[in-house]
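Peer 1: sharing a model that was predicted from the sequence below.
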Amino acid sequence: MINYLYQEQNWQSQLSDLITDPLELLTTLELSPDDLLSGAILASEQFKLRVPRAFVGKMNVGDPYDPLLLQVLPHHLELEDHPGFVTDPLGEEAANQFPGILHKYKSRFLLTLTGACAVHCRYCFRRHFPYQENLPKREDWPQMKAYIESQPDINEVILSGGDPLTLSNRKLAEWIERLESIAQIKFLRIHSRVPIVIPNRVDKELITLLKNSRLRIILVIHSNHPAELDDFTCSKLSELVQHHITVLNQAVLLKGVNDSAPVLVNLSYRLFEAGVMPYYLHVLDKVKGAHHFDLLSSQVNDIYREILANLPGFLVPKLVREIAGEKNKTPLFGDSTF
Ligand SMILES: *Cc1c(COP(=O)(O)O)cnc(C)c1O
Ligand code: SF4
């Protein structure tokens, strides 16, 4: 285990020292490049390889089917076209109100402050999304504030991605202060995978910032497999929970990664040990390049039925799909249409 090295290193230097070269990733894991390298290089031209070393440290050396590796290693299957798998499955390009704001559900909207993520997940529906043209600037704030105040149903802002925890604490503090100045905003949600891939992102400054806000803070992390939750990561998550920050988890059901009820049952228990509640289990968005992670609806139902039978109800994540044009995430199960 090379992991302990990252427990001492601050998150900023970890974020500026990501693995982006497929050959380096394979050799770090002592995998023979022969079978995997050429596909990885080709696929990374479309969506770059990007993975923090602390996350690689949780992978099994020598295992080409490691469930964490499969989430980040570009694969030649991504280059195949499949009917129904498109670049913008959720129609988000059309749904943008103006830069940074994606308001599709009544009481809450997504606010994108950065297009950057610490890790590139191969199944991500945002792999084709043109972020860079779409970020709010400081001078957009008065217009954004006016928009929020014209929509009295809004009581929650969701910082989403990109990944908001790739921003500095100073920048986050500026935005939190802006949002706090709008009386109708009660909740601030932060959707982030950074605590899983660079646990040191949960530093003292961040905790202080979040616990001192007048907003009720909900951090929604993204972990798909219990191997992502080593003791160090769990200790950081527990620290947040001890400071009265609500921490929830969303996972995506992925063929070859976590398409097994025992794995998902362990994931829920492991999260709960750290004080984190399972929230959503998403079925895959049909994004171009992610077809090899897709499962049949009958397989999804079988897995979910087994989870239900093996977990207490409070540890069962809600099985959902996001459907373009719907007013909320759509609950699934026993439904043959997905
Ligand atoms: C997922 C999502 C949300 C948050 O939905 P919850 O069900 O409250 O977690 C909000 N806005 C958009 C556009 C979303 O896609
Ligand atoms: S938005 Fe989330 S799922 Fe997508 S690449 Fe970034 S961290 Fe991964």
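Peer 2: Cool, the structure landed. Numbering: from 1, shown residues only. Ligands and ions are numbered 1, 2, ... in the order given.
Peer 1: which bits of this protein sit near ligand 2?
Peer 2: Residues of the chain lying near ligand 2 by Cβ under 6 Å from any ligand atom: 117, 119, 120, 121, 124, 126, 161, 163, 193, 222. Where you see a C-beta, it was placed from the backbone N, CA and C, and this is true even at glycine.
Peer 1: thought the third one was touching residue 73?
Peer 2: No: contact between residue 120 and residue 73 fails when scored by Cβ atoms under 8 Å: they sit 10.2 Å apart.
Peer 1: what touches both of these two?
Peer 2: Common contacts of residue 120 and residue 73 (Cβ atoms under 8 Å, 6 or more residues apart in numbering): residue 49.
Peer 1: which one of those two is surrounded by more residues?
Peer 2: residue 73 (23 against 19; other Cβ atoms under 10 Å).
Peer 1: the spatially closest residue to the more buried one that is not a sequence neighbour and ligand 1, how far apart?
Peer 2: Closest residue in space to residue 73, ignoring its immediate chain neighbours: residue 40 at 5.9 Å, by Cβ to Cβ, 6 or more residues apart in numbering. Plainly put, residue 40 is 30 Å away from ligand 1 if you go by Cβ to the nearest ligand atom, to the nearest Å.
Peer 1: quick one: which helix or strand includes residue 40?
Peer 2: Here residue 40 sits within helix 33-46, counting by DSSP states H and E.
Peer 1: mind giving me the packing neighbours of the helix or strand following that helix?
Peer 2: Elements were assigned by DSSP H and E; along the chain past helix 33-46, the next helix or strand is helix 53-56. If you count contacts as 3 or more Cβ pairs under 8 Å, 6 or more residues apart in numbering; DSSP states H and E, helix 53-56 packs onto helix 194-197.
Peer 1: other SSEs contacting the helix or strand just after the helix it packs on?
Peer 2: Later in the chain than helix 194-197, the nearest helix or strand by DSSP H and E is helix 204-211. Using 3+ Cβ pairs under 8 Å, 6+ apart, the elements in contact with helix 204-211 are helix 169-180, strand 216-222, helix 231-242.
Peer 1: of the ones you listed, which approaches residue 299 most closely?
Peer 2: strand 216-222 (21.7 Å; Cβ to Cβ).
Peer 1: ok so, going back, any chance of the helices and strands packed on helix 204-211 in TSV, plus mean pLDDT and mean neighbour count?
Peer 2: Converted to TSV, the helices and strands packed on helix 204-211 look like this (pLDDT from 0 to 100; neighbours: other Cβ atoms under 10 Å):
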stretch	mean pLDDT	mean neighbour count
helix 169-180	97	16
strand 216-222	98	20
helix 231-242	98	17
